[in-house]
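In: coords please:
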Amino acid sequence: MIQPITRESVQSGSEVLSEQSLLPTPIERILQKLSCMELPAKGYFESYMRHKWRLNHKPRTLASSFTSVMLLLQFYEKSGKREIEKIERVDLEGFIEHEQDRGLRISTVRTRLACIIAFLHFLMEQDIVPESLLKRDIKLKLPEVLPRAMNPVDVRKLLSVIDDIRDRALFLLLLRTGIRIGEALGLRLNDLDIKGRKVHLYEGEKNSMGRVVYLSDDALFAIKLWLKRRNQDKEFVFYGKSHGHLCYSTSRGLFVKYLNRAGLDQKGYTVHCLRHTFASELLNAGMRLECLQQLLGHQDIEVTRRYARLTDTTREQEYFRAMAVIEKGGIDGAY
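Out: Below you'll find the model as predicted:
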């Protein structure tokens, strides 16, 4: 039943819009923090953050850049320097060593280094620091860790204990589409094409690359059940108690709860393992790497290729076929 528009509903809507307009923007929050700090190159730092905001960088990217550059400038000042024009390569290498000594993961240090290099390139474009500063790349070698997929038996155990309709729809969606948890939580009703069995991700969470993913029979069935039960007035498919979507910490807590219920709490699984499981299962089923790359939203196919090292049934079959010949004495005789 369509509710009539009344003066009270219009006034309530206006109040919500008014409250939202009063909230500070991400750049305003960052600049407010920066205003309370005493840092070398503070003016350049502020200009850089405004520059990134004008380029429409995401709030999370802005926050990461702010933290990384702030830590560098604090380190630079503690080393007895304040003029950013005189920064040297040894200062950058000293900062990297300092961050590693703090026990940070190498992947975190590399992310911070990338943010700092972007800031220095910004200064180079304005002839504030010399281009020779980054004439040679500063490379950090990352260990090539294999993605962690779930064992098929464990997947069945997990799904067997998820009795809540919404939660089952959410976790089956992650398992059968391979989308990231942030992408799933940000879905709106208009993003679902139930008839076409598609989900439209107009902007990827990690690299802003839009894509289309598809719904398997079990995921489609679970989502249809949830769509019948959910509050139709809510904007997001998986909504929280407030006006927004279900938050990441809540969904992670739900996943941990079901792992405990299934007796899988000691396996080290995370929500992201559902994405890894999706990828490894499709490769084992014979999907070409180029197709999987598009479904996962990877810009670089080398990232997708990690899954080929994780599980490759063809390689496994070849190994056991060759080993059968060896063990029967077909090469040098049985041991």
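In: Let's see the pLDDT reported for residue 79.
Out: At residue 79 the predicted local confidence, pLDDT, stands at 86.
In: Please disregard the earlier target; I meant residue 259.
Out: At residue 259, pLDDT is 96.
In: residues contacting it?
Out: Residue 259 makes contact with 158, 265, 267, 269 under the criterion Cβ atoms under 8 Å, 6 or more residues apart in numbering. For glycine as for every other residue, the C-beta is placed from the backbone atoms N, C-alpha and C.
In: let's go with 6 Å and repeat that
Out: Under the criterion of Cβ atoms under 6 Å, 6 or more residues apart in numbering, the neighbours of residue 259 are residue 265.
In: Just the C-alphas of the helix or strand where it lies, formatted as PDB.
Out: Residue 259 is part of helix 248-261, with elements assigned from DSSP states H and E. C-alpha atoms of helix 248-261 as PDB (Å, rounded to 0.1, in the frame of the first residue of the first chain):
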ATOM      1  CA  TYR A 248      31.600  -5.400   8.200                       C
ATOM      2  CA  SER A 249      32.200  -6.100  11.900                       C
ATOM      3  CA  THR A 250      28.700  -7.500  12.300                       C
ATOM      4  CA  SER A 251      29.000  -9.700   9.200                       C
ATOM      5  CA  ARG A 252      32.400 -10.900  10.300                       C
ATOM      6  CA  GLY A 253      31.000 -11.700  13.800                       C
ATOM      7  CA  LEU A 254      28.200 -13.800  12.100                       C
ATOM      8  CA  PHE A 255      30.800 -15.700  10.100                       C
ATOM      9  CA  VAL A 256      32.800 -16.500  13.200                       C
ATOM     10  CA  LYS A 257      29.600 -17.600  15.000                       C
ATOM     11  CA  TYR A 258      28.800 -20.100  12.300                       C
ATOM     12  CA  LEU A 259      32.400 -21.400  12.200                       C
ATOM     13  CA  ASN A 260      32.100 -22.100  15.900                       C
ATOM     14  CA  ARG A 261      28.800 -23.800  15.500                       C
END
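In: Roughly how far does the closest residue to residue 200 other than its chain neighbours sit from residue 267?
Out: Excluding its sequence neighbours, the residue lying closest to residue 200 (Cβ to Cβ, 6 or more residues apart in numbering) is residue 191, at 5.0 Å. Distance, residue 191 to residue 267, by Cβ to Cβ, to the nearest Å: 32 Å.
In: same thing with residue 130?
Out: 51 Å.
In: repeat for residue 282
Out: Residue 282 is 22 Å from residue 267, by Cβ to Cβ.
In: and those two? which has more neighbours close in?
Out: residue 282 (18 against 14; other Cβ atoms under 10 Å).
In: how distant is stretch 272-280 from the center of its chain?
Out: 13 Å (Cα atoms, centre = their mean, to the nearest Å).
In: how does this protein divide into domains?
Out: Structural domains annotated on the chain: 24-134, 152-316, as defined by automatic domain parsing.
In: so how far is the shortest one off the chain centroid?
Out: I take that to be domain 24-134. For domain 24-134, the distance to the chain centre is 22 Å (Cα atoms, centre = their mean).
In: Dump the domains of the chain to a markdown table, plus distance to residue 324.
Out: As requested, those are exported to a markdown table (distance: least, Cβ to Cβ, whole Å):
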| stretch | distance to residue 324 |
| --- | --- |
| domain 24-134 | 41 |
| domain 152-316 | 13 |
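In: Look up how far residue 157 lies from the residue nearest to residue 160 when sequence neighbours are not counted.
Out: Leaving aside its chain neighbours, residue 160 sits nearest to residue 262 (7.1 Å; criterion: Cβ to Cβ, 6+ apart). Relative to residue 157, residue 262 is positioned 4 Å away (Cβ to Cβ).
In: which residues are common contacts for the two?
Out: With Cβ under 6 Å, 6+ apart, residue 262 and residue 157 have no common neighbours.
In: Look at stretch 175-191 and report the distance between its end residues.
Out: 18 Å (Cα to Cα, to the nearest Å).
In: buried stuff in it?
Out: Buried positions in stretch 175-191, judged by neighbour count with 16 or more other Cβ atoms under 10 Å: 175-181, 183-187.
In: So which of those belong to helices?
Out: Counting by DSSP state H, those place 175-177, 181, 183-185 in helices.
In: which two from the residues you listed end up farthest apart in space?
Out: 176 and 185 (16.3 Å; Cβ to Cβ).
In: how close does residue 121 sit to residue 299?
Out: Residue 121 is 20 Å from residue 299, by Cβ to Cβ.
In: oh sorry, the question was meant for residue 136
Out: The value you get for residue 136 to residue 299, if Cβ to Cβ is used, is 25 Å.
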